[in-house]
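Chemist: here's my sequence, what's the structure:
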Amino acid sequence: MISREKLLSQNAKRYADKRIFGEDYRIQSLSEREKADYEIKLQDKKSGMSTKKARALFLCRVLVDESNKRLLKDEDVDAVGEMDGRIASAIYAVALDHNGYDETDIEELVKNSEGATG
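Modeler: Numbering: from 1, shown residues only. Next up is the predicted model:
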């Protein structure tokens with residue numbers, strides 16, 4: 001059985017290096033706190049979050065450079081929305097899996113937010 005100390009020491013980031021359409025991408029895992037912050041942002045009625053914007057924001061938060069520093073800021077969400085859809089979708093699929101999400105998780109969070117605003 002895992003000890004409390006060992007459980008709480010599992011705080012190192014994980015990284016996935018993937019070659020997608022001829023380019024190398026590094027995707028970081030999010031901590032439980034970072035995932036919660038992201039999910040709260042999706043449910044914030046004032047953010048006007050759509051599924052499209054939620055996907056772009058997720059990419060902003062998980063793409064990192066070779067030094068493991070974020071490549072993008074949250075403010076880059078609109079520019080990410082203009083990326084080639086096939087490339088963005090391929091990166092998004094890898095990032096979801098690497099972070100323990102599936103497509104429906106994000107859609108449900110956004111849908112719940114939309115229902116709350118209606």
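
Chemist: for Glu66, which residues are in contact?
Modeler: Residues near Glu66 by C-beta atoms under 8 Å, 6 or more residues apart in numbering: Arg26. All C-beta spots, glycine's among them, are computed from the backbone N, C-alpha and C.

Chemist: apply 6 Å and report the result again.
Modeler: Taking C-beta atoms under 6 Å, 6 or more residues apart in numbering, we find Glu66 in contact with no residue.

Chemist: what does Glu107 give?
Modeler: Applying C-beta under 6 Å, 6+ apart, we find Glu107 in contact with Thr51.

Chemist: that one sits in which helix or strand?
Modeler: helix 103-117 (DSSP states H and E).

Chemist: and that helix, how far out from the chain middle?
Modeler: 15 Å (C-alpha atoms, centre = their mean, to the nearest Å).

Chemist: now do the helices in the protein.
Modeler: For the chain, helices defined by DSSP state H occupy the ranges 4-8, 32-43, 51-62, 77-80, 85-98, 103-117.

Chemist: which of those helices is buried the deepest?
Modeler: helix 51-62 (a mean of 21; mean count of other C-beta atoms under 10 Å).

Chemist: what angle separates that helix from helix 32-43?
Modeler: In this structure, helix 51-62 runs at an angle of 160 degrees to helix 32-43, with axes from the mean of the first three to the mean of the last three C-alpha atoms, to 10 degrees as the basis.

Chemist: what packs against helix 51-62?
Modeler: On a contact count with 3 or more C-beta pairs under 6 Å, 6 or more residues apart in numbering; DSSP states H and E, helix 51-62 meets helix 77-80, helix 103-117.
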